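Q: Pasting the sequence and the predicted coordinates here, then a few questions.
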Amino acid sequence: MKAQPITSARKDVRRSRPQVSPAEVARRKLYWPLLAPALLIYVGLLVAPALYGVYVSFTEWSGRGEAPVWVGLANYARLTRDELFRTAFLNTLAILVISGAGVFLLTFVLASVLREVRWSRTALSILFFPFLLSPIAVGIALSLLLSPNGLFNAGLRSVGLGELVKAWLTPDLIFRVILIGLVWVSVGYYLTLMMSAIGRVPRYYYEAAELDGAGRISTFFNVTLPLTWDVVTISAVLWCINAIKVFEFIIGFTGNGDAPPPQARTLTIAQFLATTGGRNPQYALGLGSAMAVVMVLLISVFVVAVRRLMRRESLEF
Amino acid sequence: MTAALPTPLPTRSKSPLGAFLWALLKLGILLWCVFNVGMLLWVGLNSFRGGSRIFSQPLELPNSLDFGNYVNAWTVSNLGRGFINSILLVAVCTAITVVVAAMAAYVLARTRVPSAGPLTSFFAIGLGIPVQVVIVPLWVAMNSISSFMYDTVGWWDERLSLGLLYVATSLPFAVFLLTGFFRSLPTELEEAAALDGASAWTTFTTIMAPLARPGLVTAALLTGMGLWNETLLALVFVTDNEKYTLPQALLGLYGTMQYTSDWGGLFAGIVIVVIPTILLYAFLGRRLVEGMTLGAGK
């Protein structure tokens, strides 16, 4: 099995043409002028503020006039004791792990089915569209559907399943519904990635598997999964980043940007409420920045871990 | 080298149980699709119904095609204002983002200088920076900019602050997407143009940018759609009702529901927010999907 990362191939091409062409000479003159606007905006409005944000996490600051006061690790220490923050942190982890497991399990199962049916294109586009729509609108619509007298409960009653009727939006159930809702919204995207990867697998692998009498499960594990492994890895990385950033869907679903119930809060919502968000902003900017740093660390840890765990020699076909 | 299929493989089960489970899975997918479409229909139908009956008679259909809810949502609830604010912000910010990103991506992808590779990666890091880290410093910075502007010029618009941030937060992805795109374009035309004495700028604007048009359109579509749905930055940086973006106005409308119970208007509001995206998906769906899978696919 020969592993050949794409990047090394590109470098070979570069090395094999050392002489500088006229077009290259002309381009080099424009290199900095064309790059400068993007670089300035990116560094000035994202990179520098991000670094300053890390500094702010070590200070106490209300941001209104006075300067930030250095307090060392006090904000982080406070976070470890904060009951509300612990809930938010665990909720974010729950989205990452529980919803993540749901998303990928369903993606694999649905992809295996859709690979073999004629209506896969139509089904895929229908499963995909909730991911594109405004998460605020989707969250609100879902919460209206599940409201005590909403269509969902009314439907249950009308087909005689009245005992299944629940108050889905009460604090003790709401987060479980959010976990499922996020799976519902997200699967279409990861399924689309998976299906386009499956589309690039040459047909004869599947034909060979069928001739060998492979069952569907073994075809998935021996053909589909190994040959789409790169895309599965990238999907997992994307999931980690997206899951930790989830915000709008929950704000829409809880319908109340001012103060979603503590049970439904994630890191992003806790951070929003600690800084400038909600009806009574706390302006605890140091504390909020510490939460943001925790988010970055969480993203980094998960992305690195996923890449480590999923590293394989890439298959060529 | 090919992927070896391990042998021996079990034979495909022809068992009735297997067939039953397979049929069940297909039925499940079908029901899921029905649910998604049904959700759209339900929101659409309720947007024509009277507010009080939506929850007292959840299974009822609208009895007329009354656009009153839309008129209310658009005017009374200020979604019209939000719609215009959002359209303007999204259009301007998308255009700026794509132009700035295309210039940078072009030179990053095609100039063979030592800093091009590291700088491309440097932009890619931005894809992983959660906006939460920058919100606090930028909120303080924007506050001082606006008070400085009020003191000196006597005028500032929160939408300008938001627009700046929209361009900044959209840049990393646009640069990432377009770098890949410019890299895939053939070199011959560029060389020919240079031999004919065209300047690099002329080559870029008259040859390379038009060649890259499909990529630019994809970048614009994805950037625009992301900004259309963006709400966190809007909630932090825009406080004046008149300047709310559309999702922000919808959220505000939902917040007032407990007092007004104008549920029909809320459903109409949801339709107003999602209809542009649905139209875009209906007409340019394939290109959208290609763009969204491009980064992950290759």
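A: Nice, I can see it.

Q: Please make it C-alpha for all contacts and neighbour counts, starting now.
A: Will do.

Q: For chain A, what's its nearest residue on the stretch 51-200 of chain B.
A: residue B:104 (4.4 Å; C-alpha to the nearest C-alpha).

Q: Hmm, that residue is touching residue A:35, no?
A: Yes: assessed by C-alpha atoms under 8 Å, residue B:104 is found in contact with residue A:35 at 4.4 Å.

Q: who's more crowded, the two?
A: residue B:104 (26 against 21; other C-alpha atoms under 10 Å in any protein chain shown).

Q: that's a helix at that one, yeah?
A: Yes: assessed by DSSP: H, G, I helix; E, B strand; the rest coil, residue B:104 belongs to a helix.

Q: got a list of what it touches?
A: Counting by C-alpha atoms under 8 Å, 6 or more residues apart in numbering or on different chains, residue B:104 touches A:34-38, B:175.

Q: List only buried entries from the residues you listed.
A: Buried by 16 or more other C-alpha atoms under 10 Å in any protein chain shown: A:34-35, A:37-38, B:175, out of the contacts of residue B:104.

Q: want to throw those residues into a markdown table with pLDDT, secondary structure and distance to residue A:132?
A: Shown next, in a markdown table, are the buried ones among the contacts of residue B:104 (pLDDT from 0 to 100; DSSP: H, G, I helix; E, B strand; the rest coil; distance: C-alpha to C-alpha, whole Å):
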| residue | pLDDT | secondary structure | distance to residue A:132 |
| --- | --- | --- | --- |
| A:34 | 94 | helix | 32 |
| A:35 | 95 | helix | 31 |
| A:37 | 96 | helix | 30 |
| A:38 | 96 | helix | 27 |
| B:175 | 96 | helix | 21 |
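
Q: List just the nearest of these to residue B:209.
A: Of all the buried ones among the contacts of residue B:104, residue B:209 sits closest to residue A:34, with 13.1 Å by C-alpha to C-alpha.

Q: just checking, the closest one touches residue B:111?
A: No: with contact defined as C-alpha under 8 Å, residue A:34 does not reach residue B:111; the gap is 11.3 Å.

Q: Mutual contacts of these two, please.
A: Counting by C-alpha under 8 Å, 6+ apart, nothing touches both residue A:34 and residue B:111.

Q: So which residues of chain B form helices?
A: Secondary structure of chain B (DSSP state H): helices at B:16-46, B:51-56, B:68-75, B:79-110, B:116-125, B:132-152, B:158-183, B:188-195, B:200-202, B:209-211, B:213-229, B:232-237, B:246-260, B:263-297.

Q: Take these and write them to a markdown table, including distance to residue A:254.
A: Converted to a markdown table, the helices of chain B look like this (distance: least, C-alpha to C-alpha, whole Å):
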| stretch | distance to residue A:254 |
| --- | --- |
| helix B:16-46 | 18 |
| helix B:51-56 | 18 |
| helix B:68-75 | 21 |
| helix B:79-110 | 20 |
| helix B:116-125 | 32 |
| helix B:132-152 | 20 |
| helix B:158-183 | 25 |
| helix B:188-195 | 54 |
| helix B:200-202 | 51 |
| helix B:209-211 | 44 |
| helix B:213-229 | 17 |
| helix B:232-237 | 15 |
| helix B:246-260 | 10 |
| helix B:263-297 | 15 |
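
Q: Ranked by average pLDDT, which of those falls at the bottom?
A: Mean pLDDT per stretch puts helix B:51-56 lowest among these, at a mean of 77.

Q: do that one and chain A meet at all?
A: Yes: using C-alpha under 8 Å from any C-alpha of the partner chain, helix B:51-56 comes into contact with chain A via B:55-56.

Q: Give me the contact list for that helix.
A: So helix B:51-56 is contacted by A:149-151, B:46, B:60, B:261-265 (C-alpha under 8 Å, 6+ apart).

Q: got it, and stretch B:185-205?
A: By C-alpha under 8 Å, 6+ apart, stretch B:185-205 touches A:21-23, A:26-27, A:29-30, B:106, B:207-208, B:211-212.

Q: Just give me how far that stretch sits from the chain centre.
A: The chain centre lies 33 Å from the centre of stretch B:185-205; the measure is C-alpha atoms, centre = their mean, to the nearest Å.

Q: list the contacts for residue B:15?
A: Listed by C-alpha under 8 Å, 6+ apart, the contact set of residue B:15 is empty.

Q: how much space between it and chain A?
A: Distance, residue B:15 to chain A, by C-alpha to the nearest C-alpha, to the nearest Å: 11 Å.

Q: quick one: pLDDT of that residue?
A: Looking at residue B:15, its pLDDT stands at 80.

Q: And for residue B:61?
A: Residue B:61 is assigned a predicted lDDT (pLDDT) of 82.

Q: where exactly do the helices run in the stretch 1-150 of chain A?
A: A:6-16, A:22-42, A:48-56, A:74-81, A:83-94, A:100-114, A:120-132, A:135-145 (DSSP state H, counting those that start in this stretch).

Q: how about these in JSON lines, adding distance to chain B?
A: As requested, the helices of the stretch 1-150 of chain A are exported to JSON lines (distance: least, C-alpha to the nearest C-alpha, whole Å):
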{"stretch": "helix A:6-16", "distance to chain B": "8"}
{"stretch": "helix A:22-42", "distance to chain B": "4"}
{"stretch": "helix A:48-56", "distance to chain B": "5"}
{"stretch": "helix A:74-81", "distance to chain B": "15"}
{"stretch": "helix A:83-94", "distance to chain B": "14"}
{"stretch": "helix A:100-114", "distance to chain B": "7"}
{"stretch": "helix A:120-132", "distance to chain B": "6"}
{"stretch": "helix A:135-145", "distance to chain B": "5"}
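
Q: my read: residue A:67 touches residue A:61, true?
A: Yes: at 6.9 Å, residue A:67 counts as touching residue A:61 under the criterion of C-alpha under 8 Å.

Q: Quick check: which of the helices of chain B is nearest to residue A:193?
A: Per C-alpha to C-alpha, nearest to residue A:193 of the helices of chain B: helix B:263-297, 5.6 Å.

Q: How about the closest one, which residues are buried there?
A: Buried-residue list, helix B:263-297, by 16+ other C-alpha under 10 Å: B:263-274, B:277-278, B:281, B:285, B:287-289, B:291-293, B:296-297.

Q: with the contacts of residue B:104 in mind, which one is nearest to residue A:190?
A: residue B:175 (22.6 Å).

Q: Listing request: residues of chain A with sub-threshold pLDDT.
A: A:1-18, A:256-258, A:314, A:316 (pLDDT under 70).
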